[in-house]
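Participant: here's a sequence, model it:
(one chain, ligands or ions: 1)
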Amino acid sequence: MTTAADQVLEGLFSEAGLDDPYRYYAELHKLGPVSLLEGGGGYAAVVTGYQAADQLLRDPRFRVADDEFSDELGGVGWREHPVLAVLNNSMMYSNGARHQQARRLFHQVFTPRRVAELEPAVGQLVDGLMDRLAERFDHDGEADFMTEFAYPLPSGVVAALLGIPQDDLAWFRPRVERINDFLDVVGKTDEVLAAADQATRELSDYYRTLIAERRKAPTDDLISQLVEAIDAGLHKVSDYDLICNLLVLFNASFVTTIHLIGNGMWLLLDRPELRPAARSAAFVEEVLRYEAPVQFVARWSEEAASLAGTVLPPKEVVLVMLGAANRDSQRFPEPDLFDVDRPNLKPLSFGAGPHYCLGASLARMEAQIAFPRLLERFPSLRSARPPVRNPHQFLRGFAAIPVTLT
Ligand code: HEM
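Facilitator: Next up, the predicted model:
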């Protein structure tokens with residue numbers, strides 16, 4: 001048996017949905033803030049209403065998929081897969097005490113001041129990448145904005161934050177992507193899992209070496225501070241826990257911010273009338289609402305739990321559609337309109353509740369520096385050819401945005 005929501009989801013998880021998920025979200029909104037699914041596919045329900053999504057994410061009954069859930073779902077075999085073992089041990093896939101311990105450690109060293117201190121480094125990275133873009137324009141007449149800018153900026157920034165040498169990034173990126181391929185809701189094959197396992201082994205070894213080096217000779221980077229805080233005995237976090245969290249933090253920062261930068265740039269290319277607004281913090285916020293880089297997150301509950309009048313079944317995955325919540329007309333009038341002057345603009349793009357994005361202020365800062373500088377340096381920047389969509393449903397953005405100068 002299938003429900004009306006199952007049918008909409010079939011469209012959403014197709015080529016057409018990749019291109020334009022919003023028409024499917026609009027259909028789901030008509031069915032209510034929460035819709036039960038029966039058609040299989042591994043999900044029990046979708047939450048699309050803004051208020052319902054916000055409420056669910058703050059409700060301790062709803063947990064991220066953790067060890068216990070993996071045991072319920074597929075037996076204990078996940079422990080033999082490094083990618084699953086590492087993810088499950090990280091804050092992103094932990095609830096309760098383990099989650100709090102890791103968050104506390106990171107909050108101690110990854111402070112607003114630390115983010116502010118990174119501003120000059122972000123500015124320098126932006127300027128360096130613009131020089132490379134300029135060279136491409138001189139040389140080839142056009143460049144792919146994703147490859148030349150949106151891609152290297154956030155990975156360069158997170159590397160600067162953590163203390164990973166910039167020269168190591170070319171080695172890092174393909175490995176991070178293999179893990180990312182595995183995280184997508186569709187296309188989880190044995191090969192994808194094996195590649196993600198291998199990437200996890202290699203990245204874990206890398207971090208293990210870096211931690212040992214920083215322990216011996218600390219610098220002013222975040223890894224040194226994390227190690228110092230652990231060694232001071234104030235946190236119940238082991239080196240293995242730290243590796244798991246570093247791996248997830250790098251991945252979470254880089255694969256998402258790429259799309260904030262890419263989606264914002266595409267809007268500026270496609271609708272030049274938005275350019276005067278690109279200097280404002282509200283522009284970045286509206287890009288986040290309008291084209292959320294993370295389209296959904298997942299939760300489950302031990303017991304049946306009621307949300308917005310619908311009873312969600314126990315021990316099953318509920319998809320919280322952040323991209324749909326951001327287009328809920330009850331919360332954002334005329335949701336399909338891009339409008340930087342919206343009052344009380346608080347998109348759910350960074351989630352809500354205990355798992356609220358650890359790097360939200362860093363991502364915002366990167367975008368707030370990047371857009372105005374790009375437009376100032378390249379006022380005649382325009383699209384050279386249609387952009388190519390990123391094939392992931394979970395992460396909304398582009399694989400390529402060819403740009404040129406007029
Ligand atoms: C535009 C860029 C970004 C977006 C859209 C984004 C989105 C999100 C979302 C939706 C969550 C919540 C996941 C959930 O509730 O299950 C999250 C969590 C997280 N994000 Fe981000 N993120 C971005 C950038 C970053 C950056 C720059 C960093 C690190 C420097 C980062 C690190 C994390 C971490 C570690 C978590 C897990 C927090 C926890 O589980 O307690 N993110 N992010």
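
Participant: now the longest helix anywhere in the chain: mean pLDDT?
Facilitator: Determined from DSSP state H, the single longest helix within the chain is helix 239-270. In this model, helix 239-270 has a mean pLDDT of 96.

Participant: who does the helix or strand that comes right after that helix touch, helix- and strand-wise?
Facilitator: On the C-terminal side of helix 239-270, the closest following helix or strand by DSSP states H and E is helix 281-290. Applying 3 or more CB pairs under 8 Å, 6 or more residues apart in numbering; DSSP states H and E, one finds that helix 281-290 contacts helix 239-270, helix 360-377. Bear in mind the C-beta positions are built from the backbone N, C-alpha and C, glycine included.

Participant: any idea how far the residue in the stretch 251-400 of the chain that the ligand sits nearest to is from Leu247?
Facilitator: Using CB to the nearest ligand atom, Gly359 is the residue of the stretch 251-400 of the chain that sits closest to the ligand, at 2.1 Å. From Gly359 across to Leu247, the span is 14 Å (CB to CB, to the nearest Å).

Participant: what residues does the stretch 201-350 of the chain put near the ligand?
Facilitator: Proximity of the stretch 201-350 of the chain to the ligand (CB under 6 Å from any ligand atom) is limited to residues Val248, Leu249, Ala252, Ser253, Thr256, Thr257, Leu260, Pro293, Val294, Val297, Ser349, Phe350.

Participant: ditto for the stretch 1-150 of the chain
Facilitator: Counting by CB under 6 Å from any ligand atom, the stretch 1-150 of the chain sits next to the ligand at Val64, Met91, Met92, Arg103.

Participant: if we go to 8 Å?
Facilitator: Contacts of the stretch 1-150 of the chain with the ligand, taken as CB under 8 Å from any ligand atom, map to Leu57, Val64, Ser90, Met91, Met92, Tyr93, Ser94, His99, Ala102, Arg103, Phe106, Phe110.

Participant: quick one: the last one and Leu358 touch, right?
Facilitator: Yes - between Phe110 and Leu358 there is a contact at 6.7 Å, judged by CB atoms under 8 Å.

Participant: let me know which of the helices and strands packed on helix 281-290 is the nearest to Ala282.
Facilitator: Closest approach to Ala282 among these is made by helix 360-377 (10.2 Å; CB to CB).

Participant: tell me where the model's unsure across the stretch 151-300 of the chain.
Facilitator: Applying pLDDT under 70 to the stretch 151-300 of the chain flags residues 184-187.

Participant: what angle do the longest helix of the chain and helix 360-377 make?
Facilitator: What separates the directions of helix 239-270 and helix 360-377 is an angle of 30 degrees, with axes from the mean of the first three to the mean of the last three CA atoms, to 10 degrees.

Participant: which parts of helix 239-270 are buried?
Facilitator: For helix 239-270, the neighbour count (16 or more other CB atoms under 10 Å) marks 239, 241-269 as buried.

Participant: could you do stretch 220-233 as well?
Facilitator: Asp221, Leu222, Ile223, Ser224, Gln225, Leu226, Val227, Ala229, Ile230.

Participant: now for the helix or strand harbouring the third one, which elements pack on it?
Facilitator: Ile223 is part of helix 222-231 when elements are defined by DSSP H and E. Counting by 3+ CB pairs under 8 Å, 6+ apart, the packing neighbours recorded for helix 222-231 are helix 96-109, helix 152-162, helix 190-216, helix 239-270.

Participant: mind doing that once more with 6 Å?
Facilitator: For helix 222-231, the packing partners by 3 or more CB pairs under 6 Å, 6 or more residues apart in numbering; DSSP states H and E come out as helix 96-109, helix 152-162, helix 190-216.

Participant: so which of these gets nearest Glu10?
Facilitator: helix 190-216 (22.0 Å).

Participant: how far off centre is that closest one?
Facilitator: Computed by CA atoms, centre = their mean, to the nearest Å, the chain-centroid distance of helix 190-216 equals 20 Å.

Participant: now stretch 287-306
Facilitator: 12 Å.

Participant: which ones are touching the residue nearest to the spatial centre of the chain?
Facilitator: Most central in the chain under CA atoms, centre = their mean is Thr256, positioned 3.5 Å from the mean C-alpha point. Listed by CB atoms under 6 Å, 6 or more residues apart in numbering, the contact set of Thr256 reads Pro293, Val294.

Participant: distance between the ends of stretch 349-356?
Facilitator: 9 Å (CA to CA, to the nearest Å).

Participant: who touches it?
Facilitator: So stretch 349-356 is in contact with Asp54, Leu57, Arg58, Leu288, Ala292, Leu322, Cys357, Ala360, going by CB under 6 Å, 6+ apart.

Participant: just the buried residues from the residues you listed, in PyMOL please.
Facilitator: This is the PyMOL syntax for the buried subset of the contacts of stretch 349-356, where burial follows 16+ other CB under 10 Å:
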select buried, resi 54+57+288+292+322+357
